[in-house]
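Q: model this:
(one chain, ligands or ions: 2)
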Amino acid sequence: MSAVWSRTVERGDDGALRVGGCDVRELAGEFGTPLYIVDEEDMRARAAAFRDHFTAAFGRHGAKCDVFYASKSFLSSRVARWMLDEDLNMDVASGGELEIALRGGMPPERIALHGNNKSDAEIERALKVGVGRLVVDSLGEIGIIDAIAFELGVKAPVMVRVTTGVHAGGHEYIATSHEDQKFGLSLATGAAMDAVRLVHAAENLELLGIHTHIGSQILSIDAFRESATRMLKLRADFAAESGVEMPEVDLGGGYAIAYVPGAESIDPQVAAFEMADAVAEALEAAGGSWPRLSIEPGRAISGPAGMTLYRVGVVKTVQLEEGGERAYVAVDGGMSDNMRTITYGAEYSATLAARLSDEHPKLSRVVGKHCESGDIVVRNVELPGDVDRGDLLAVPATGAYGRVMANNYNGLLRPAVVSVRDGEATLLIRRDTMEDLLRWDVAPD
Ligand SMILES: Cc1ncc(COP(=O)(O)O)c(C=O)c1O
Ligand SMILES: N[C@@H](CCCC[NH3+])C(=O)O
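A: Ligands and ions are numbered 1, 2, ... in the order given. A predicted model of the protein is given here:
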């Protein structure tokens, strides 16, 4: 199978896909469709690759680099456990993600709490359980965390989220380090330096260091290098004025994956060595000793490990104005289980999952069942002309920002997530039921 599929996917002689040793027809029968399938071996191997390559690359300089799995890309308590088994740490973006991570047994000191608008309750909970880092996102938040830490009688470990001004990433909505967006504190205006000073001066805060995340689905290693250089310069500038070398620098996540066959992705090994070199060069230029580094990949660990299995319903053919025709292949999910196509114009591919066909390929569009014409899962794909009701379709690379962004639009039930490994399937998240849906609704008396 091509590189967009997770490593254990294969097509049997009968034409049906197997993943983790499980036949997709059996998975569909047991768990229903749509179904998110996570290839556990693949996801763990990707986590381990980041760990090993970054450890090796920074180790050459006698330095350390920790990997924090960005749990927003996909989280369940079992996934938190896998990440811990692989010796990763974890970043969470809310109190909800924090609870799931803790439930999975992720030790609080391995957890970093993010958020541009953390509530007092989230800050308090994080400090009470003893998270390893709170990443401050605004000047106003510094006093709030300081006050809550004072009340709890603890010293809060804090990093400052820096907007380095490096413009990178795919869609505008997933770029996060240019000036005109909501995250972080600007390096250019001096807000980041002000925040570092304030955290350093605050009685109940411990200044761990600085953090940046330049965006998501980034293909340019130069962008990572540039942001590393700017971060090290900020650290050196603060050391020059205060005599304090911040012990930690986090360079964020955002490593691109291939969504469609032939698309480019970032190789973690190349990224690791390039980034370690960039930090080494920046330290040479700006001076100072090596900080403890960390990174926060999400999509690059969970994305390629996942696929979505759909059941085909209605198939319709329309005539195109420019000539030719297109098949609209409607599946039993859509924008409620994959928000990425409608939100970012993301590209995906699809394949018949339970059989092969000799039928001529036809220009097709995989659409959902929502009452919305933008409800597209795969905009353009060649599918055999005989795809019909009852067929199974598989869409690869949906492991990141799929189930976590799912919703109940049009009263659809969010699909289950199963992990597969060595011929066994394990339910990670169960499917919504109609009772769930009715339970949230407050019925009239
Ligand atoms: C602070 C932070 N860290 C890490 C990530 C993970 O990004 P990705 O899944 O693209 O690696 C994100 C999301 O973009 C983020 O906002
Ligand atoms: N949800 C986005 C990424 C958001 C990154 C979080 N800062 C995506 O699917 O690409």
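
Q: what's the neighbour count on residue 438?
A: 10 (other CB atoms under 10 Å). Every C-beta, even on glycine, is put in place using the N, C-alpha and C of the backbone.

Q: that one: what secondary structure?
A: helix (DSSP: H, G, I helix; E, B strand; the rest coil).

Q: so that it lines up with my notes, have the first residue be 48 from now on.
A: Happy to do that; since the first residue is 48 now, the last one works out to residue 485.

Q: for this protein, longest strand please?
A: strand 353-366 (DSSP state E).

Q: what is the rounded mean pLDDT of that one?
A: Regarding strand 353-366, the rounded mean pLDDT is 98.

Q: for stretch 168-180, same thing?
A: 98.

Q: same question, stretch 431-451
A: Here the average pLDDT along stretch 431-451 is 98.

Q: please, which helix or strand holds residue 280?
A: helix 268-289 (DSSP states H and E).

Q: ok, residue 396 next?
A: Going by DSSP H and E, residue 396 is not in any helix or strand.

Q: partners of the longest strand of the chain, with directions?
A: Within its sheet, strand 353-366 is paired with strand 82-86 (antiparallel), strand 372-378 (antiparallel), strand 439-443 (antiparallel), according to DSSP bridges.

Q: what's the average pLDDT for the first one?
A: If you average the pLDDT over strand 82-86, you get 99.

Q: which parts of the helix holding residue 280 are buried?
A: Across helix 268-289, burial judged by 16 or more other CB atoms under 10 Å covers 268, 270-283, 285-286.

Q: got it, and stretch 463-473?
A: Buried, per 16+ other CB under 10 Å, within stretch 463-473: 463, 464, 465, 466, 467, 468, 472.

Q: tell me which of the residues you listed fall in strands.
A: Per DSSP E, the subset of those in strands is 463, 464, 465, 466, 467, 468, 472.

Q: rewinding a little: which one of the buried residues of stretch 463-473 sits closest to residue 147?
A: residue 464 (12.7 Å; CB to CB).

Q: thought the closest one was touching residue 475?
A: Yes - at 4.4 Å, residue 464 counts as touching residue 475 under the criterion of CB atoms under 8 Å.

Q: need the residues touching each of those two.
A: 85, 123 (CB atoms under 8 Å, 6 or more residues apart in numbering).

Q: residues making contact with stretch 172-189?
A: Contacts of stretch 172-189 (CB under 8 Å, 6+ apart): 136, 142, 145, 149, 155-165, 170, 192, 195-196, 199, 201, 203-208, 230-232, 238, 241-242, 245-246, 249, 252, 255, 258, 297.

Q: run the chain-centre distance for the helix holding residue 280.
A: 25 Å (CA atoms, centre = their mean, to the nearest Å).

Q: coming back round to it: point out the most buried one among the strands paired with strand 353-366.
A: Ranked by average neighbour count under the criterion mean count of other CB atoms under 10 Å, the strands paired with strand 353-366 are headed by strand 82-86 at a mean of 28.

Q: how far off strand 463-468 does it point, in degrees?
A: 30 degrees (axes from the mean of the first three to the mean of the last three CA atoms, to 10 degrees).

Q: how about residue 135, what does it touch?
A: 94, 97, 98, 114, 115, 116.

Q: and if we set it to 7 Å?
A: Residues in contact with residue 135 (CB atoms under 7 Å, 6 or more residues apart in numbering) are 94, 98, 114, 115, 116.
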